[in-house]
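Q: give me coordinates for this.
(chains A and B)
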Amino acid sequence: MNSRLRTNSEKKNGKVHRPSRATRLFVVWRKLRKSKLAIAGFGIVLFMSLVALLSPVIAPYSPDLPSGSSRMPPSMEHIFGTDNLGRDMLALVMYGARISVYVGIAAVLIEIVIGLSIGMIAGYFGGIIDEVLMRVADVVFTLPMIMMVLVAISMFEVRSINIIILVMAVLEWPFMARVVRSEYLSLREATYVEAARSMGASNWRIIVRHILPNILSVMIVLATMDIPWFITLEATITFLGFGDPMSSSWGVLLERGVSLMSTAWWVITFPGLALLITSLGFNLLGDGLRDALDVKVRE
Amino acid sequence: MGSTTKDAVLKIDDLRTYFFLAEGVVKAVDRVSLKINEQEALGLVGESGCGKSTVAHSILRLIREPGRIVGGKILFEGEDLLRKSEAEMRKIRGGKIAMVFQNPTSSLNPVFRIGSQIAEAIKLHQNVQKHEVKKKVVEILDKVGIPSPSERMKDYPHEFSGGMCQRAMIAMSLSCNPKLLIADEPTTNLDVTIQAQILDLMRILRKNFNASILLIGHDFGVISEICDRIVVMYSGKVVESADLGTIFKDAKHPYTKALLESIPRLNIETERLRVIPGDVPELIKPPSGCRFHPRCEQAMEACSKKEPALIEIEQGHEVACLLYG
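A: As a prediction, the model looks like this:
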């Protein structure tokens, strides 16, 4: 019965000629490689992540103890110079990467958990649920960041980097929720969603199993672009003096450098450059990923 | 046809599905009754917007806001589907009643392999071991005529042609041996040769799977390929129902006649195909009396005043027209 239904070309050689089956990840990588900027971004992100990860091993000196005299300009022993306490700036920037990258990733993860769940519920169910959740999002969106950091610090009575991460994520999720909501709003009308429902899938199954994988690429791009945003935001908060002085992120180094700006330019310059380059790297990678993950953009 | 001796798998009674819009109430399905007997293929025919798809969606209770099923009964295997809980309905959807849609390429989720989508349908409704599932997927893909199924099941939907996608959809809908298969214009978006293949396939599968079929379409040519009986809908109402032969030889309702005359025939020479004048009425304010009367050539005085009831004029042949009432 089947032979009658097959097309001629398929019948002729029995075995169908097929192109090699590249995995999705590999296809994405191949597309990403086409763009020089994206590769540069990928390189920077990879480099900074390695530095953050390996800083205890590769840092030339301890970041806590003086390794030279105060305010030494860049030299062969201290490539980035030393700060006013004689600590090696290169070691400080390396250890700072650890904290700043941690801040970026942790904040984005929390933001995704909140923004994704609220966005998908609002977008999929719509109606009054959508209305309520989005108004909550609007309100959260208006809360001023610095003030909320101060409130949180006085509430918990401790200055911890984790509190800053939490406050940032809790204030920034409406942005992600809106994007996720609009994706769900359009995808819930897709025929394959209706088909899934007609096969007996429940609402939750459709939300998580059928629609979520379809917006994965959007989420990856958003997350990649949000990491530098959070790193910079934390640096700003810390720079203004509301940060956690115990965990020396790039923001803390910048803050310390301000008073030394006229006598030792290197103390503020190198952490600032690290921040700038990392932000640039994540943004370039995010841009490249947006094109590479889009199935409609052909290789 | 002897269909009256068999039991009805599905019996729709006085179904009303309305859409509540800001501009008013759209009675998309207005007191529709029909039944599908065991192993029968019923064709539901009508112009776009006549409510035929809404009937299909109502059966599976897939109507979404602002639409609502307002009244009536949908008896499936003797039980009223409108009284079932949502959880019970989920067991029926895909398990006992399956549906095939109009756009095969967009009915499959683009990010999953064909095989895993069919596997999910199987796992949702049957208690099958993991390694058994894969065997079943290959088996069913082979049955619907997908070449080298164990290879092709690893493809993504965009690697399939439209016809192949529709085969995969049919495979998915048949994977749990449903009692009733609803096909909502399954061949509309396919080109003619593929259309013929899909119809071939459905005819063969109908014999092998012992399922009843509700085939929805606007094309008498497609419907007549498979169906034993035909129900014609116009503007949310059933206007005529009879078995296939009767419809083609002895259609009574002016609308059915007009529809039949608008099909191109190779054996009859005509200058031009007939066109039904006017437009499908807006369902928000349907014409008074018989809804077809503004377009009907045989309209009388009474047609704009009295609404014709569906009357059985001979065994198994029902018409809703004042000419016969």
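
Q: a strand runs through residue A:78, doesn't it?
A: No. With DSSP: H, G, I helix; E, B strand; the rest coil as the criterion, residue A:78 is assigned coil and is not in a strand.

Q: so residue B:262 sits right up against residue B:272, yeah?
A: No. With contact defined as C-beta atoms under 8 Å, residue B:262 and residue B:272 do not form a contacting pair (10.4 Å). For glycine as for every other residue, the C-beta is placed from the backbone atoms N, C-alpha and C.

Q: neighbour-wise, which of those two wins?
A: residue B:262 (12 against 5; other C-beta atoms under 10 Å in any protein chain shown).

Q: show me what from the stretch 51-200 of chain B comes close to chain A.
A: Counting by C-beta under 8 Å from any C-beta of the partner chain, the stretch 51-200 of chain B comes close to chain A at B:60, B:62, B:65, B:90-95, B:98-99, B:101-103, B:106-112, B:120-121, B:124-125, B:142-143, B:145, B:147-148, B:151-152, B:154, B:158, B:169, B:172-173, B:197, B:200.

Q: narrow these to those in strands?
A: B:98, B:99 (DSSP state E).

Q: show me which of the residues of the stretch 51-200 of chain B next to chain A are buried.
A: B:60, B:62, B:90, B:92-95, B:98-99, B:101-103, B:106-109, B:111-112, B:120-121, B:124-125, B:142-143, B:145, B:147, B:152, B:169, B:172-173, B:197, B:200 (16 or more other C-beta atoms under 10 Å in any protein chain shown).

Q: in helices only, show me the residues you listed.
A: In this view, those that belong to helices under DSSP state H are B:90, B:92, B:106-107, B:120-121, B:124-125, B:142-143, B:152, B:169, B:172-173, B:197, B:200.

Q: for residue B:10, helix, strand, or coil?
A: Three-state assignment for residue B:10 (three-state DSSP): strand.

Q: helices of the chain, start to end?
A: In the absence of a named chain, chain A is used. A:2-5, A:8-13, A:24-34, A:36-58, A:89-125, A:127-142, A:145-156, A:161-187, A:191-198, A:203-205, A:212-239, A:250-258, A:265-293.

Q: try again with chain B
A: B:52-59, B:86-92, B:104-107, B:114-125, B:130-143, B:149-152, B:162-174, B:192-209, B:220-226, B:244-250, B:254-261.

Q: nearest to residue B:183 among the ones in helices among the buried ones among the residues of the stretch 51-200 of chain B next to chain A?
A: Closest approach between these and residue B:183, by C-beta to C-beta: residue B:173, at 8.5 Å.

Q: look up how far residue B:262 lies from that closest one.
A: 31 Å (C-beta to C-beta, to the nearest Å).

Q: could you do residue A:147 as well?
A: 71 Å.

Q: repeat for residue B:275
A: 6 Å.

Q: cool, residue B:252 as well?
A: 17 Å.

Q: ok, back up a step: of all the helices of chain B, which one comes closest to residue A:86?
A: It is, among the helices of chain B and with distance given as C-beta to C-beta, helix B:114-125, at 60.9 Å.

Q: dump the residue contacts of residue B:219.
A: Counting by C-beta atoms under 8 Å, 6 or more residues apart in numbering or on different chains, residue B:219 touches residue B:188.

Q: sorry, slip of the keys, the one I care about is residue B:138.
A: B:149, B:150, B:153.

Q: now the second one, nearest residue through space, not along the chain?
A: Nearest residue to residue B:150, sequence neighbours excluded (C-beta to C-beta, 6 or more residues apart in numbering or on different chains): residue B:138, at 5.0 Å.

Q: pLDDT weak spots in the stretch 201-325 of chain B?
A: For the stretch 201-325 of chain B, the stretches with pLDDT under 70 are B:268-271.

Q: up against chain A, what does it have?
A: B:201, B:204.

Q: surely residue A:246 is in contact with residue A:159?
A: Yes. The criterion here is C-beta under 8 Å, and residue A:246 meets it with residue A:159 at 7.5 Å.

Q: which one's more surrounded, the two?
A: Between residue A:246 and residue A:159, counted using other C-beta under 10 Å, residue A:159 has the larger neighbour count: 16 against 9.

Q: how close does the more buried one get to chain B?
A: Going from residue A:159 to chain B by C-beta to the nearest C-beta, to the nearest Å gives 44 Å.

Q: so that residue sits right up against residue A:244, yeah?
A: Yes. Contact criterion C-beta under 8 Å: residue A:159 and residue A:244 qualify, at 4.8 Å.

Q: got phi/psi on residue A:143?
A: phi -70, psi 130 (degrees, to the nearest 10).

Q: ok, the closest residue to it other than its chain neighbours - contacts?
A: Nearest residue to residue A:143, sequence neighbours excluded (C-beta to C-beta, 6+ apart): residue A:171, at 5.7 Å. Taking C-beta under 8 Å, 6+ apart, we find residue A:171 in contact with A:140, A:143, A:145, A:148.

Q: out of those residues, which are buried?
A: A:140, A:145.

Q: what's the neighbour count on residue B:80?
A: Around residue B:80 there are 13 residues (other C-beta under 10 Å).

Q: name the nearest residue to it, sequence neighbours excluded.
A: Excluding the flanking residues, the one nearest residue B:80 by C-beta to C-beta, 6+ apart is residue B:73, at 5.2 Å.

Q: the one you found pairs with what?
A: residue B:13 (DSSP bridges).

Q: quick check: it touching residue B:82?
A: Yes. Shown here, residue B:73 and residue B:82 form a contact pair, counting by C-beta under 8 Å, at 6.5 Å.

Q: how about the residues of the stretch 101-250 of chain A by chain B?
A: Counting by C-beta under 8 Å from any C-beta, the residues of the stretch 101-250 of chain A near chain B are A:127, A:190-192, A:194-202, A:209-210, A:213-214, A:216.

Q: which of those are buried? Put it as a ChimeraX command.
A: Selection of buried members from those for ChimeraX, criterion 16+ other C-beta under 10 Å:
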select /A:190,191,192,194,195,196,197,198,199,200,201,210,214
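
Q: let's check: the centremost residue of chain A is which one?
A: Nearest to the mean C-alpha position of chain A, counting by C-alpha atoms, centre = their mean, stands residue A:227 at 2.9 Å.

Q: okay, that one and residue B:81: tell me how far apart.
A: Distance from residue A:227 to residue B:81, by C-beta to C-beta: 50 Å.

Q: then residue B:184?
A: 17 Å.

Q: is the residue nearest to residue B:173 when sequence neighbours are not counted in a bridge, and if so with what?
A: In space, and not counting its chain neighbours, residue B:173 is closest to residue B:98: 3.5 Å by C-beta to C-beta, 6+ apart. In this structure, residue B:98 bridges to residue B:181 when assessed by DSSP bridges.

Q: what about dumping the CA coordinates of stretch B:318-325 to PDB?
A: This file holds the C-alpha atoms of stretch B:318-325, laid out as PDB (Å, rounded to 0.1, in the frame of the first residue of the first chain):
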ATOM      1  CA  GLU B 318     -33.400  16.100   5.200                       C
ATOM      2  CA  VAL B 319     -34.000  19.600   3.800                       C
ATOM      3  CA  ALA B 320     -34.600  23.000   5.300                       C
ATOM      4  CA  CYS B 321     -36.500  24.800   2.600                       C
ATOM      5  CA  LEU B 322     -40.000  26.200   2.400                       C
ATOM      6  CA  LEU B 323     -40.400  24.700  -1.100                       C
ATOM      7  CA  TYR B 324     -40.500  21.300   0.500                       C
ATOM      8  CA  GLY B 325     -42.100  22.100   3.900                       C
END
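
Q: contacts for it?
A: Outside of stretch B:318-325, the residues within contact range by C-beta under 8 Å, 6+ apart are B:237-242, B:252-254, B:290, B:298, B:300, B:302-303, B:306, B:308-313.

Q: contact partners for the closest residue to residue B:260 other than its chain neighbours?
A: Closest residue to residue B:260 apart from its sequence neighbours, by C-beta to C-beta, 6+ apart: residue B:251 at 5.9 Å. Counting by C-beta under 8 Å, 6+ apart, residue B:251 makes contact with B:240, B:242, B:257, B:260.
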